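Chemist: Fold the following for me, if possible:
(3 chains)
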Amino acid sequence: MADLALTGVTERPSRWRLASARGGARLWLGAALVAVLLLIAIFAPLLAPHDPVEQDLMSAQLPPAWMTGGEWAHPLGTDSLGRCVLSRLIFAARTAVEVAAIAASLAAAIGIAFGLLAGSFGGWIDQGVSRLIDVWMAFPPVLLSIVLAAVIGAGLTSVVAAIVVVDWTRFARVVRAETLSQLQRDYAAAARVLGLTRGQILRFEILPNLVPLIVTLIAVEMGIAVLVEVILSFVGISVAGDTPTWGGMIVEGRQIVYQAPWIMALPIVSVIATVIGFNLLGDGLRAALDPVHRQ
Amino acid sequence: MTAILAVRDLHVAIGRRGHAANVLRGASVDVEPGEVRGLVGESGAGKSMLGRAILGLLPANAVITAGTIAFEGRDLLAMPEPERRKLLGRRIALIPQDPMTSLNPVRRVGAQIAAVLSHHLGLSKRQARARAGELLAEVAIREPGRVLDLYPHEISGGMRQRVLIAMAFACNPSLIIADEPTTALDVTVQRQVLQLVERLRQSHGAAILFVTHDLGVVAKICRTMTVLHAGRVLEDGMTADVLARPRHPYTRALLAATPRADRPAEALRPVPPALIESLWSEAHRLDRLADAGLPS
Amino acid sequence: MRWGEIIRRVLLIPPTLAGVGLIVFVLLRVVPGDPIAMMIPPGASAADIARLRALYGLDQPILQQFVVWSGQVLTGDFGRSISLHQRVFELVLARLPATLELALLGTVIAVLLGTVVALIGAYLRGRRAEWAIDGGVGLLLAIPDFLWALILLLLLGVILPVLPISGRIDPQLDIAFGTNFYLIESLLTGRLDVAAALLQHMILPALALALPFAALVARLLKAQLAEAEDQDYAQVARARGFSRPAILLRDVLPNALIPTVALGGVQITLLLGGTVLVERIFSYEGIGNMAIDAVINRDFPLIQGLILTFAVLFIALNLAVDLLVTLLDPRLRHG
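Modeler: Numbering: from 1, shown residues only, chains lettered A, B, ... in the order given. Model prediction:
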C-alpha cells in the first residue's frame, strides 16, 4: 500500500479530477438537476401518464391526488380543460430543452463568429462589431424580445429567434475580449512565427482555448432561454396551440389562480429548478474549467 | 516610577493552526509615563506587530498565544471589548504610518477630528468643531478654519500627517503608539514632523512608543530604546548607553549599517548574513522547544 | 474632466434616440403582421382597408413614413394609438407615473435591503454565517423579477391571502387625484390612509422588482465593504476606539458606495425593464403593461412611443447614475 500511496503523490492528478474538485458542490448539484431535466425530456412519452393534449372537461381543475377531491389517475391534478398537469409538465420540459438547446447553440454560433471576427481582425471590423454590440445592448432585452417575437408571430421558431437575436451579444462580447487577450500571449506569437495563417491560428490555437468559456456561457444561456419562453408566453406569442410549455401553463394558471393555485405553482417550481440547475452548472463549470485553462 | 505600559512575554502567531508562524516570541517592553521609547528593528522583526497588538489591530489570522499587555496596571488583553474601546483613542492613541491612506477620503478633515472628540469626550457638534480648529492650530496648520472643511485629497502629505498627529493628541492621551510616522514623508518634512511630535509630547505630557527602523530618529528623540529581532527583544536600555556601548552583536551590526553625519557612506556595512541566520535559527530552536512544551 | 464626459454623454442622446426610433420603426414594418387586419371587422371591403391604411399613413414607403413620424415626434406629436384611439403622447403620459412610482419604490426597497444585507454580510466576514448570506444572495440573484412576482403572488396573494394581487388601487375606493403620481401625491398631501391603500397594491410588484436588484446591490456592496474595511483609514478608526458597526456605517460604507454605484448603478435599467412583465402579472396599470397590450394588438404608434419612452428613461437613468457617482466622491466633485 505504501508504494501505491507514493505513486499517487508523484503522479499528476487528472485534469478532470482537479476540475471537478474545483467545481465543488455547485457543479454536481447543477449537473444533477440538468441531468434530471434531460432525462425527463428524452423519456417524456414513457413518463407521462396521459397524452398532454387530451382534454376531459368532465374532470377539469382537479386538485393534486393527495388533496381532497384529487385522483391518482391525475397525480398533479388537471387544468381548466381537464388536461393532465403532470403530463403537460413533462412534455413542457421537452419543449423547454428543445428551445434552450437550439437557441443557445445558435446564439453561441453567431456570437462566436462575430467575436472571433472582431477579436482577430481588429481595426475597422472590430470597431464596427463593437459598436453594433453596444447599440444592441442599449436595448432593454425584455422589450426587444417581446417586440421581435410579436413581429415574427407565435411559434417555436419565434421564441428561438427572439433569444438568438437578443442574446448573441453575450457570446460576441466575451469571445472578442478573450480572443484579443489570447492573441497577445506567447503561444499565439509563436504560432505566427511558425508561419501559420490567421485562420489556422484561430482554429488550432485560439478556439480550443475558448472552449471552457463557451461551454459555461451556453449552460447559462440555456437557463435564460427557458426564462424567455415564459416571458413570451405572457405576451401570448410563445409556442402556439396545444403544445405544452411551462410559460403557457403559468399564464393559464394566472387566470384561475384563486380557484386552482397549483396549476400555476407547479410550472413555476419546474422553471425555478431548471434555471437554478443551469446557473449552478454554469457557475460550477466556470470554477472547474477556468483554472485548468489558465494553467 | 511604575510603567504606564508593560508588555510581558508576548507571543503572537500568524496563520492557521498547525501552520502558524510565530511573529512575536516572548517580547517584553516597558514605557514609563512621559518617556519616549524607540522600538527598533528591521522589517519582519515584529515591531509593528507589537504596536498593533497593543491597539487590538492584529490581522484577522493572528492570535496572541501568550503574554500580557498592561496599560496603567490593567491587562488590555483580559479587558472586555467595550472597556478597551473606551481607552483606545482617548488614553492610548496612534500616529499611523501612511498619511496618504490613513484618512478617510470621503469625509472632511474637520469631521474626522470632531468624530474622535465627540466620541470620547462627549463634545457637542459645535464644541468639537471649535476644538478641532484649535488642534489644527496647535499642529501649526495655517488657516485651520479653512482646512477643517477640506477633504484629505486637497491637502499635502505633510499636512495630512499633522492632521493625524492632531487627532492622536486630541483627547490628551497618556500613551501614543507612533508607527513609523515619518517613513512615508520626504526628509525635510520628516524633521518638522519629529519636532512637532516632540513639542506636543512635552505640552501634553504623553509617553510615546516610537516604532521605527531608523536608528537616526531614535537617537534624536528617544530617551530609551528596545531592539527587536525575530519577535525577541535583543537589547534594551537608555538610548545613549545602547548607542555608545551596544552589548548585542546585532545592535552593533545595525549601528554599523546606519548612515551617520560623522561617517562617510562607504564605511556603511550591511548586517552580516551569518549573524541574521544564527539569530533566526536560535528563534526557531525556541519555537521547537515551545512546541514540545519545554520552557525556553 | 468628469463634467466633460457628462456633457459628451448628453450630446450623444439625440442621435441615440434617433437610432432607436429608426430601428424600431423599420423592424415593425419589414416583418409580416398587419395592424389594419386586426382592426377591421370581418367582411370589410378592400376599399375600407385601403382607406384605413391611408389614414394611418401605412401606404407610404417606410423611409417616408419614418421622416413624417420623426417630424411629428419633434413637435411632440407621437401619433394616435390604433387600438385605443387616443393620442399616444397622452396615453403614455397618463400611465407613466404609475410605472415611475413602482420602479422608484422597487429601487428604494432594493437599495435599503441590499445595503442592510451587505452590511450584515460584511460584519460576519470570516464566520460561517457569511456563507449562508452569500448563498441566499446567489439564490435571489438567480431568479429573475417576473418569477419573484409569480412566487410572491402565489405565496402572499393566494395561499396566504394577505395582499391584493391586481391593479394599482382598490377599484371600490373612489378617490380623486390631482396628478397621476398617486402615491407621491397622497404622501405629500398627508393622506396617509390613501398612501397605505396604494402601498398594499404596490408592495408585491415592487418587492418582485426589488429582490434581484437587492441581491446585486448586496453582492457588489459586500465585496466593496470588505475591501474598504481593509484600508488603513478603517483600521486606524478601530485604534481610535470606534466600534466595528460604527466604522462600517460611517467610514467604510460611504467609501464602498462609490464603486458600488459606479458598477451596479447602470443595472437599475434592468429593474425598469422588469416593470413590463411584473406589471402584467399584477395587472398594474403602467406603461409596461400597456406595452404588452400594444404588442398583442400590433399598435405600431403606441409601441414606438413606448419604446422611445423607455429609451429616454434608460438614458436618463444612466446619466443620473454618473451624476450620483460624481456627487458621492469628493475627489471627482472638485477634480
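
Chemist: So which bits of chain B are right by chain A?
Modeler: Proximity of chain B to chain A is assessed by C-beta under 8 Å from any C-beta of the partner chain, with no residue identified as in range. The way it works is simple: take the backbone N, C-alpha and C, and place the C-beta from them, glycine included.

Chemist: low-scoring stretches of chain B, by residue?
Modeler: Using pLDDT under 70 as the threshold, the predicted model of chain B has low-confidence ranges B:1, B:17-18, B:261-267, B:293-296.

Chemist: same thing but at 50, please
Modeler: Scanning chain B for pLDDT under 50 picks out nothing.

Chemist: so where do the strands sit in it?
Modeler: In chain B, the strands defined using DSSP state E lie at B:5-14, B:21-31, B:36-40, B:62-71, B:74-75, B:92-95, B:175-179, B:207-212, B:224-229, B:232-238.

Chemist: For chain C, find the nearest of those strands.
Modeler: For the strands of chain B, the distance to chain C is smallest for strand B:92-95, at 4.2 Å, taking C-beta to the nearest C-beta.

Chemist: neighbouring contacts of the closest one?
Modeler: Contacting residues not belonging to strand B:92-95 are listed as B:51, B:54-55, B:71, B:161, B:164-165, B:167-171, B:173-179, B:181, B:197, B:206, C:236, C:239-240 [C-beta atoms under 8 Å, 6 or more residues apart in numbering or on different chains].

Chemist: now do stretch B:28-38
Modeler: B:1, B:3-10, B:39, B:50, B:174-175, B:198, B:201, B:205-210, B:212, B:217-218, B:221-226, B:233, B:236, B:239.

Chemist: first vs last residue of that stretch, how far apart are they?
Modeler: Taking C-alpha to C-alpha, to the nearest Å, the first and last residues of stretch B:28-38 lie 13 Å apart.

Chemist: Could you give me the buried positions within it?
Modeler: B:29-32, B:34-38 (16 or more other C-beta atoms under 10 Å in any protein chain shown).

Chemist: so who does residue C:172 touch?
Modeler: When contacts are counted by C-beta under 8 Å, 6+ apart, residue C:172 touches no other residue.

Chemist: Could you check how far it is from residue C:164?
Modeler: Look at residue C:172 and residue C:164: by C-beta to C-beta, to the nearest Å, they are 11 Å apart.

Chemist: Can you name the residue of the stretch 51-200 of chain B nearest chain A?
Modeler: Of all residues in the stretch 51-200 of chain B, the one sitting closest to chain A is residue B:61 (22.9 Å; C-beta to the nearest C-beta).

Chemist: So that residue sits against residue B:13, correct?
Modeler: No. Counting by C-beta atoms under 8 Å, residue B:61 does not reach residue B:13; the two are 9.3 Å apart.

Chemist: Look at the two and report which has more neighbours.
Modeler: A direct count of neighbours by other C-beta atoms under 10 Å in any protein chain shown for residue B:61 and residue B:13 places residue B:13 higher, at 21 against 11.

Chemist: Okay, and the beta partners of the more buried one?
Modeler: According to DSSP bridges, the residues that bridge with residue B:13 are residue B:22, residue B:63.

Chemist: Could you do residue B:88 as well?
Modeler: residue B:92.

Chemist: So which bits of the host helix or strand of residue C:289 are buried?
Modeler: Under the assignment given by DSSP states H and E, the secondary-structure element containing residue C:289 is helix C:287-296. Within helix C:287-296, the residues that count as buried by 16+ other C-beta under 10 Å are C:287-295.

Chemist: distance of the spatially most central residue of chain C from residue C:183?
Modeler: Centrality entry for chain C: nearest residue to the mean C-alpha point is residue C:272, 1.6 Å, by C-alpha atoms, centre = their mean. In this structure, residue C:272 and residue C:183 are 17 Å apart, going by C-beta to C-beta.

Chemist: So, low pLDDT: which residues of the chain?
Modeler: Just so you know, I chose chain A. Scanning chain A for pLDDT under 50 picks out A:1-11, A:292-295.

Chemist: my bad, the chain I had in mind was chain C
Modeler: Per-residue confidence for chain C (pLDDT under 50) gives these ranges: C:1, C:335.

Chemist: run the last query once more with 90
Modeler: Per-residue confidence of chain C (counting by pLDDT under 90) places the weak regions at C:1-90, C:125-132, C:134-135, C:138-143, C:157-198, C:200, C:259, C:261-274, C:291-335.

Chemist: Regarding it, what is its longest helix?
Modeler: When every helix of chain C is counted residue by residue (DSSP state H), the longest turns out to be helix C:192-229.

Chemist: tell me the angle of that helix relative to helix C:287-296?
Modeler: Computed with axes from the mean of the first three to the mean of the last three C-alpha atoms, to 10 degrees, the direction of helix C:192-229 lies at 100 degrees from that of helix C:287-296.

Chemist: what helices or strands is the next helix or strand after helix C:192-229 leaning on?
Modeler: Scanning the chain past helix C:192-229 towards its C-terminal end, the next helix or strand to appear is helix C:232-239 (assignment: DSSP H and E). The criterion is 3 or more C-beta pairs under 8 Å, 6 or more residues apart in numbering or on different chains; DSSP states H and E, and the helices and strands that helix C:232-239 contacts are strand B:92-95, helix C:244-247.
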